[in-house]
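Asks: sequence unavailable; structure follows:
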């Protein structure tokens, strides 16, 4: 078997499932942020801004994850995640953490 006819086996399927689990965990974190704002009672301007930014970051992460999941569903999935997508996923994760701290603070 040559490198051109490489059989990816189950690795793309495992990667797709991992991205789905990560997206679910990201969604749970965003929902917990909403719950924190709602339970707090009074919503300050800072809470509202943090919530809105968290929602935007969540949507951004969903877009990156969906693009990666679709790429892994191809007959010959790419071996490496494009640098821009990796940076976007990392930035979304860090931003959600910062916004969560801002909501709790």
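Replies: In hand now; what should we look at? None of these values were measured; they are calculated from a predicted model. Numbers count the residues shown, from 1 in each chain.

Asks: show me where pLDDT drops low in this structure?
Replies: Low-confidence segments of the chain (pLDDT under 70): 1-8, 40, 42, 75, 77.

Asks: show me what counts as buried in stretch 79-99.
Replies: For stretch 79-99, the neighbour count (16 or more other Cβ atoms under 10 Å) marks 81, 88, 89, 92, 95, 96, 99 as buried. Backbone N, C-alpha and C define where each C-beta goes, glycine included.

Asks: backbone dihedrals for residue 44, both of them.
Replies: When read as degrees, to the nearest 10, the backbone of residue 44 gives phi -80, psi 170.

Asks: ugh, typo on my part, it should be residue 80
Replies: Per-residue torsions, residue 80: phi -130, psi 140 (degrees, to the nearest 10).

Asks: any idea how far it is from residue 87?
Replies: 13 Å (Cβ to Cβ, to the nearest Å).
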